[in-house]
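S.K.: The sequence isn't on hand, but the structure is:
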């Protein structure tokens with residue numbers, strides 16, 4: 001029997017940037033409630049909210065100071081309850097982001113641990129001693145620098161933080177920590193939340209702190225060998241998920257495993273393991289790296305999509321997960337630049353975004369749409385380095401200037417590639433102040449680089465928004481929710497696959513290039529969705545740049 005989550009179209013909302021109803025420049029839960037009709041008309045069935053718990057906002061809510069209360073900047077507990085009720089009345093579901101690897105340093109547990117080393121809460125976190133003038137080891141933080149931060153008033157004593165120094169990691173080896181996190185999750189399930197997105201769960205086990213990473217002994221080295229996918233992650237995860245299913249058997253558990261290989265996706269989502277229902281990996285997207293400037297780090301350099309690499313990667317993921325779970329299909333999220341900034345064609349902007357959407361979201365899997373993606377929203381343009389709130393940005397900026405890039409060129413690269421620029425406000429109506437997001441200056445007021453809005457695209461039958469609505473209507477038919485998938489071998493720049501269920505065969509063909517492509521498509525089906533010009537030529541189909549077709553054949557045999 002299929003689970004309810006297997007037919008969902010998920011929409012990720014960054015609450016601070018979606019819709020502000022009290023005009024303080026920060027999006028809120030009432031704004032989400034207000035826009036439920038818009039989301040339902042789009043074809044969305046599940047909303048995923050980024051963290052809404054009490055937080056100092058060092059990392060926009062991922063630094064949680066109280067899991068049981070709502071940050072007043074986005075609303076109240078009554079607002080959450082109203083949101084859950086409104087979604088359920090509309091036949092929709094809610095996923096909450098669940099931060100399980102770390103807390104804020106303002107969390108009462110950590111404050112108690114600092115105040116009294118003999119407190120039971122001291123063992124809720126990770127600590128190490130070091131020799132004078134040294135760090136416990138040379139492991140590097142994902143946010144730059146070392147994973148170790150000196151403990152105030154305790155010489156040569158450090159606490160561990162894989163992310164920001166204000167976000168100390170929890171000690172999952174402690175059974176009390178594991179039980180505390182289960183109780184928090186149960187609280188939200190009892191509120192009526194339908195599922196959880198498990199943030200950074202792959203990091204809840206760490207290696208021996210005495211082990212140094214290979215490299216310069218004192219220079220921090222980012223190496224997830226020591227803090228990702230280690231042996232105790234799955235037992236901890238299984239214990240957590242099993243406890244939640246004991247009170248809510250149909251809870252949807254979506255795991256974030258950024259660096260997971262296809263084999264690890266199987267392990268984390270195999271039904272008999274009683275862990276995640278589906279898992280997000282950042283390795284599902286493949287970029288071309290042959291065009292990069294070797295004098296600069298790759299992270300903040302724009303990259304082209306590797307269509308052939310994507311075909312191979314998605315074929316591997318689909319094949320390995322075929323009898324296990326559904327792949328997670330996404331182009332963007334809060335941790336990466338927007339798809340329109342990364343891959344849209346300059347000459348065929350709107351067509352390219354339609355083709356990219358069809359190429360991915362009609363495949364077997366769970367689509368996750370990042371707010372504004374359906375409009376063609378690009379990254380905002382941030383004018384100051386400080387706007388990125390990222391200590392790795394300044395070294396890149398300095399290095400780029402040193403090798404000959406201008407300040408303007410470097411800022412353009414950063415804005416095109418950085419995740420913070422992808423968190424700008426949702427444009428509802430270009431005729432309104434701040435595009436209808438708020439009457440107050442938004443919390444992140446970067447310059448919009450693409451003139452898009454919901455109001456303009458709703459009334460335009462050729463718009464990207466209307467195309468997304470059509471796409472999701474097709475996605476939620478049995479052929480595209482339950483049909484088998486085969487990704488076809490095609491010419492470079494073309495992505496083609498078939499979906500088959502009983503007596504139906506669909507063929508999705510996308511020319512993801514700026515050049516004309518000749519493609520064989522012999523299924524003889526009727527076009528259900530078309531973008532761009534596609535003509536017959538010597539027994540083949542002539543696909544103009546960034547054009548696509550979805551054809552469906554109702555023959556009983558193929």
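M.R.: That came through fine. Remember, predicted model here, so these are calculated numbers, not experimental data.
S.K.: do you know how far residue 429 is from residue 14?
M.R.: 19 Å (C-beta to C-beta, to the nearest Å). Quick note: C-beta positions are derived from backbone N, CA and C, even for glycine.
S.K.: neighbour count winner among these two?
M.R.: Remark: of residue 429 and residue 14, residue 14 carries more neighbours, 23 against 15, as counted by other C-beta atoms under 10 Å.
S.K.: Not counting its neighbours along the chain, what's nearest that one?
M.R.: residue 50 (5.1 Å; C-beta to C-beta, 6 or more residues apart in numbering).
S.K.: Quick one: residues contacting that neighbour.
M.R.: Residues near residue 50 by C-beta atoms under 8 Å, 6 or more residues apart in numbering: 12, 13, 14, 15, 60, 61, 97, 334.
S.K.: tell me the phi and psi of it?
M.R.: phi -60, psi 160 (degrees, to the nearest 10).
S.K.: how about low-confidence regions in this structure?
M.R.: In the predicted model, the chain carries pLDDT under 70 at residues 1-2, 216-217, 521-524, 537-539, 556-558.
S.K.: Okay, domains of it per the record?
M.R.: What automatic domain parsing lists as the domains of the chain is 4-104+174-472, 108-160, 483-553.
S.K.: the helices in the stretch 51-200 of the chain, which residues?
M.R.: Assigned by DSSP state H, counting those that start in this stretch, the stretch 51-200 of the chain shows helices spanning 77-89, 108-115, 175-190.
S.K.: And the contacts of the second one?
M.R.: Where contact means C-beta under 8 Å, 6+ apart, the residues beyond helix 108-115 that reach it are 65-66, 103-105, 119, 121-122, 124-125, 151-152, 168.
S.K.: how far does that helix sit from the chain's center?
M.R.: 31 Å (C-alpha atoms, centre = their mean, to the nearest Å).
S.K.: Okay, angle between it and helix 175-190 too, please.
M.R.: 160 degrees (axes from the mean of the first three to the mean of the last three C-alpha atoms, to 10 degrees).
S.K.: Which residue lies nearest the spatial centre of the protein?
M.R.: residue 333 (3.4 Å; C-alpha atoms, centre = their mean).
S.K.: how about that residue, secondary structure?
M.R.: coil (DSSP: H, G, I helix; E, B strand; the rest coil).
S.K.: ok, and the closest non-adjacent residue to it?
M.R.: Counting by C-beta to C-beta, 6+ apart, residue 333 lies nearest to residue 370, which is 5.4 Å off, once chain neighbours are set aside.
S.K.: Also residue 123?
M.R.: Distances taken as C-beta to C-beta, 6+ apart put residue 174 closest to residue 123, at 5.1 Å, once the chain neighbours are dropped.
S.K.: what about the one you found, how many residues close to it?
M.R.: Residue 174 has 17 nearby residues by other C-beta under 10 Å.
S.K.: Over to residue 492?
M.R.: For residue 492, using other C-beta under 10 Å, the count is 11.
S.K.: Next one: it relative to residue 307, how far apart?
M.R.: Taking C-beta to C-beta, one finds residue 492 at 7 Å from residue 307.
S.K.: between those two, what contacts are shared?
M.R.: residue 513.
S.K.: Select, out of the helices of the stretch 51-200 of the chain, the one closest to residue 356.
M.R.: For the helices of the stretch 51-200 of the chain, proximity to residue 356 was assessed by C-beta to C-beta; helix 77-89 is nearest, at 28.0 Å.
S.K.: quick check: angle from that closest one to helix 175-190?
M.R.: 60 degrees.
S.K.: May I see the contacts of residue 50 arranged in JSON lines, with distance to residue 469 as well?
M.R.: As requested, the contacts of residue 50 are exported to JSON lines (distance: C-beta to C-beta, whole Å):
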{"residue": "12", "distance to residue 469": "18"}
{"residue": "13", "distance to residue 469": "18"}
{"residue": "14", "distance to residue 469": "22"}
{"residue": "15", "distance to residue 469": "23"}
{"residue": "60", "distance to residue 469": "29"}
{"residue": "61", "distance to residue 469": "30"}
{"residue": "97", "distance to residue 469": "26"}
{"residue": "334", "distance to residue 469": "24"}
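S.K.: Filter the residues you listed down to the ones in strands?
M.R.: The members of these that map onto strands under DSSP state E are 12, 13, 97.
S.K.: got a winner among these for most neighbours?
M.R.: residue 13 (26 neighbours).
S.K.: I figured that one hits residue 47, correct?
M.R.: Yes - at 5.9 Å, residue 13 and residue 47 qualify as touching, with contact defined as C-beta atoms under 8 Å.
S.K.: check contacts around residue 458.
M.R.: Residue 458 neighbours (C-beta under 8 Å, 6+ apart): 465, 466.
S.K.: Residue 367 sits in which helix or strand?
M.R.: strand 366-370 (DSSP states H and E).
S.K.: For the helix or strand hosting residue 412, name the packing helices and strands.
M.R.: Using DSSP H and E, residue 412 falls within helix 407-417. Contacting helix 407-417 under the criterion 3 or more C-beta pairs under 8 Å, 6 or more residues apart in numbering; DSSP states H and E are the following elements: helix 339-342, helix 393-402.
S.K.: contacting residues around the strand holding residue 367?
M.R.: Strand 366-370 is contacted by residues 5-6, 8-12, 44, 48, 278, 280, 326-334, 338-339, 360-361, 422, 468, 472, 475 when judged by C-beta under 8 Å, 6+ apart.
S.K.: rerun that using 6 Å as the cut-off
M.R.: Residues outside strand 366-370 that contact it (C-beta atoms under 6 Å, 6 or more residues apart in numbering): 9, 10, 11, 12, 278, 326, 328, 329, 330, 332, 333, 361.
S.K.: same check, this time on stretch 9-17
M.R.: With C-beta under 6 Å, 6+ apart, stretch 9-17 has contacts from 26-27, 39, 43-50, 52, 74, 334, 367-371, 423, 425, 443, 472.
S.K.: cool, stretch 477-487 as well?
M.R.: 7, 315, 318, 362-364, 474, 497-501, 504, 506.
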